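Visitor: got a predicted structure here, sequence first:
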Amino acid sequence: MTSLIIAILATSGSIFALIASIGIVKMPDFYTRLSVTIKAATLGMGTILISAAIFFNDFAVTSKNIAILFFLILTAPIAGHIISRVAYFTGIPLWEKTVIDEMKGKYEGRIENLQSSESEEQEKAKEKKNESASQ
Amino acid sequence: MDLNSYLLFVVMPILCFSLILTFIRFMRGPTTADRVIALDLIITTGVGIIALFSIIYNHPAFLDVAMILALIAFLGTIAFSYYLIQEQNKRKK
């Protein structure tokens, strides 16, 4: 019974890893590749580590597995976020069939210039423009 | 078929095949960022392979290596992205 559970978990984990690797080869641009790989690979490694914890049935090994799993789940989204941000700023092109690019026009080439909303200086400049236009 | 031979002859080849596919992207990748995420995926798959090895050979000490490898993957991705953005800032100046 235990070996059946271990076999099922390990197989599903390896299949998730296979899906991630097929995705990284077949996807058309960088951002879709990133979105495929990080989630699938983290889930697959999670199930393999859980199967290892069930196999050893030992407190020390289980806590070690939980530490690895916690670390993977904690760091994979951060790494993905940072590398995708850097990729956008270094000008890696999007796929030509991409529907929407919400970051377009919100920065001027340097990562420090990113504006999530309009800053105060910009609002002042806009007001000045409006005043001059009305005059 | 017992558990050990199943893991050794079915699950391990699937993981190795996915490693080979990821390595294709690592060699081909048109930009550096592609190579960075391929390296990240290689190391994450390596963690799974180490965990499987520790099951097959009944040796839980291998899991320490997996923990260190998970740490290194994160640090490597962050360091590469810092390097890429510094290069971009230098070029824009």
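Guide: Received the coordinates, thanks. Numbers count the residues shown, from 1 in each chain, chains lettered A, B, ... in the order given.
Visitor: below-threshold pLDDT in chain B: ranges please.
Guide: The model of chain B has pLDDT under 70 over residues B:93.
Visitor: got any ranges where chain A has weak pLDDT?
Guide: A:105-126, A:133-135.
Visitor: what residue lies at the spatial centre of chain B?
Guide: residue B:43 (1.5 Å; CA atoms, centre = their mean).
Visitor: what's it in contact with, if anything?
Guide: B:69, B:70, B:72, B:73, B:76 (CB atoms under 8 Å, 6 or more residues apart in numbering or on different chains). Any C-beta I mention is one placed from the backbone N, CA and C, and that applies to glycine too.
Visitor: cool, residue B:23 as well?
Guide: So residue B:23 contacts B:38, B:42 (CB under 8 Å, 6+ apart).
Visitor: ok, now residue A:46?
Guide: A:13, A:69, A:72, A:73.
Visitor: picking that back up, neighbour-wise, give me the winner out of the contacts of residue B:43.
Guide: residue B:70 (25 neighbours; other CB atoms under 10 Å in any protein chain shown).
Visitor: from memory it sits against residue A:75, does it?
Guide: Yes. With contact defined as CB atoms under 8 Å, residue B:70 and residue A:75 form a contacting pair (7.4 Å).
Visitor: picking that back up, let me know the closest of the contacts of residue B:43 to chain A.
Guide: residue B:70 (5.2 Å; CB to the nearest CB).
Visitor: skip the chain neighbours and tell me the closest residue to the most centrally placed residue in chain A.
Guide: Centrality entry for chain A: nearest residue to the mean C-alpha point is residue A:80, 3.5 Å, by CA atoms, centre = their mean. Spatial nearest neighbour of residue A:80, chain neighbours left out: residue A:38 (4.4 Å); criterion: CB to CB, 6 or more residues apart in numbering or on different chains.
Visitor: quick check: the one you found touching residue A:73?
Guide: No. Residue A:38 is beyond contact range of residue A:73, at 10.6 Å (criterion: CB under 8 Å).
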